[in-house]
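Undergrad: pasting the sequence and the predicted model now:
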Amino acid sequence: MDREIAWVRAARRAFEEFPITVQRRMGRALDVAARGEMAEIARPLRGLGSGVFEIALAYRSDAYRAVYAVKRGAPVWVIHAFQKKSRTGIKTPKQDIELIRQRLRRLQEDRS
């Protein structure tokens, strides 16, 4: 049975700014996550605990990212979406990692 896909409001707004092709491909990857699997364009996001994944997609000359969290018995939560600037190479920028941490904390507090 598929899980619900839930969104942090700010992540949804950012995602909706992505090119439609990017939205569709990432949407398919989120559907895969809702089925309990991991899409080819997703990978675990290290250092944030288990169940946190990043969808990475290059489109034209830009890079797009969406971060989601999966917890047993809960919806798939999309907690951050952003267009990555290449200042830091392949790594996710520190300010984005900190924002993800904050949103994860807030989500855990709201769910407990």
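TA: It's in. Numbering: from 1, shown residues only.
Undergrad: from here on, contacts and neighbour counts on C-alpha atoms
TA: OK.
Undergrad: using the three-state scheme, assign the most centrally placed residue in the chain.
TA: The residue lying closest to the centre of the chain (Cα atoms, centre = their mean) is Val67, at 1.6 Å. Of the three states, Val67 takes strand under DSSP: H, G, I helix; E, B strand; the rest coil.
Undergrad: nearest residue to it in space, please, no chain neighbours.
TA: Closest residue to Val67 apart from its sequence neighbours, by Cα to Cα, 6 or more residues apart in numbering: Glu54 at 4.4 Å.
Undergrad: can you check Ile5 too?
TA: Using Cα to Cα, 6+ apart, the nearest residue to Ile5 is Val76, at 4.8 Å.
Undergrad: what sits against that neighbour?
TA: Arg3, Glu4, Ile5, Ala6, Ala33, Ala34, Tyr68, Ala69, Val70 (Cα atoms under 8 Å, 6 or more residues apart in numbering).
Undergrad: look up how far Gln102 lies from the fifth one.
TA: Ala33 sits at a distance of 22 Å from Gln102 (criterion: Cα to Cα, to the nearest Å).
Undergrad: the two - which one has more neighbours?
TA: The residue with more neighbours, out of Ala33 and Gln102, is Ala33; 23 against 13, by other Cα atoms under 10 Å.
Undergrad: isn't that one right next to Ala42, touching?
TA: No - counting by Cα atoms under 8 Å, Ala33 sits too far from Ala42 to count as a contact (9.0 Å).
Undergrad: what's near enough to touch Val70?
TA: Per Cα under 8 Å, 6+ apart, neighbours of Val70: Gly51, Val52, Val76, Trp77.
Undergrad: quick one on the thing from earlier: so the residue nearest to the centre of the chain touches Thr92, yeah?
TA: No - under the criterion of Cα under 8 Å, Val67 is not in contact with Thr92, lying 10.6 Å apart.
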